[in-house]
Every structure is written in C-alpha cells, then in structure tokens.
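[1] with the sequence up front, the predicted model follows.
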Amino acid sequence: MRDPSGKTVRLPPTAVLVLAYALLIVLGAVLLLLPEASVRGVTLSEALFTATSAVTVTGLVVLDTGGDFTLFGQAVILVLIQLGGLGIVTFSVMVLCMLGLSISLEHKLFLRDELDQTSMRDLLKMALVILRVVLVFEAVGLAALVCVFVPEFGWSHGLWQALFHAVSAFNNAGFGLFSDSLSRWVDNSLVNLVVPL
C-alpha cells in the first residue's frame, strides 16, 4: 500500500485482516443489493447489516433470510458465513496451496495471526486440518439433515435447506431459512441432535 507521497506503507497483519473482513462485508452487501438477491429489494443498511452479521457469524438478522432473499441471495449469505467462519486468511492460504502456489512469509504471518499461533511452523498443516474438519463436519450435518428436509421439501429444495443449515450450524452463525428458525422441528430428534453438535 502506498501513501500520498508514494512511499510504501506496510500494514501490520491484524490491520490487513480487518481490511480483508471489511472488504468481504462490503462485497457481500453489494451482492445482496443486486435485484437478483432479494424478493422485494433491500436497503443499503439492511444489506450491510446482513453481510456483517454473516461474516462475523453473529446470527443477528433484520430480514427473513428464507423469505426476503432469493436463492442467489441465500447463496451469498452462505458463502459469507463460510468465509467468516473459516477465516478469510485461512481460506485464501488453502486456496493458494490447492492451486500449487507458494505461500510468502507475509501470508504465513497473516495465517499465524488468524489462527492465533505463536509459531509459524506447521501453520499450513494446521490450516489444512481445519479445512478437513470443517468439510467433514458439514458433510455429516448435510447428510443427516437431508434425511429430514428432502422427504419434506423434495430433492433440490431439501438438499439446499440441509446444506444451508449444516453450514450455518457448524459456523454457529444462527442464520436459518425459515421464519420460525427450526422451531417446527422442536420434537425431531435428528434435527435437535445434529444442529447443536
């Protein structure tokens, strides 16, 4: 990054992380403002609030995620939840590794801060273990919730419901696609076991 005089300014890793999260929130809000993302259109403050809540996985909502957002809008929210839950830096380092690109010392420093580690040794291994654990848990949650949602909603809609709620639950995001959250399954043992786990 350069200042107005043209000198290179180095930001500390924590500042870069904050900027990365802020950029993700702004990008998410812009996508949620698109006409294809919502049923009736959303305001800038609603889009920013929703994107911020999804990235920070706080679960606070001002709109009905399943009722006010289209499939595209719900997918944007799901990606924001996943990236926020995984951590942008962890995710980007894993993508770089999957593409076979080397990771610079600067990227390793960001990853170290994101994973709250004091040593840079084995950071990549830790990031890959985190990714595997996330994918395994979300896949198990998806498979279990498919047993509940597919019989009720059919394959395409039921599979989407199961995927969204598995990712949201694993990341502790608190987002749901039903206006009553999951309370209609209050006496369903499978839902009540899978979502908290």
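    Structure received.

[2] so for the top helix by length along the chain, what gets flagged as buried?
    Using DSSP state H to define each element, the chain has its longest helix at helix 123-153. Residues 123-124, 127, 130-131, 134, 137-138, 141-142, 144-146, 148-150 are the ones in helix 123-153 that count as buried (16 or more other C-beta atoms under 10 Å). In this view, the C-beta of every residue, glycine as well, is placed from N, C-alpha and C.

[3] stretch 154-165 too?
    Quick answer for stretch 154-165 (16+ other C-beta under 10 Å): Gly158, Leu159, Trp160, Gln161, Ala162, Leu163, Phe164, His165.

[4] hey, C-alpha coordinates of it in CSV?
    Written as CSV, here are the backbone C-alpha positions of stretch 154-165 (Å, rounded to 0.1, in the frame of the first residue of the first chain):
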residue,chain,number,x,y,z
GLY,A,154,-38.1,-32.7,-2.3
TRP,A,155,-34.6,-33.2,-3.5
SER,A,156,-33.5,-29.8,-4.8
HIS,A,157,-35.2,-27.7,-2.1
GLY,A,158,-34.5,-30.2,0.7
LEU,A,159,-30.8,-30.5,-0.3
TRP,A,160,-30.4,-26.7,-0.3
GLN,A,161,-32.1,-26.4,3.1
ALA,A,162,-29.9,-29.2,4.5
LEU,A,163,-26.7,-27.6,3.1
PHE,A,164,-27.5,-24.1,4.3
HIS,A,165,-28.4,-25.2,7.8
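
[5] just the helices in this structure please.
    Counting by DSSP H, the helices of the chain are 13-33, 44-55, 65-68, 71-86, 88-98, 105-114, 123-153, 155-170, 189-194.
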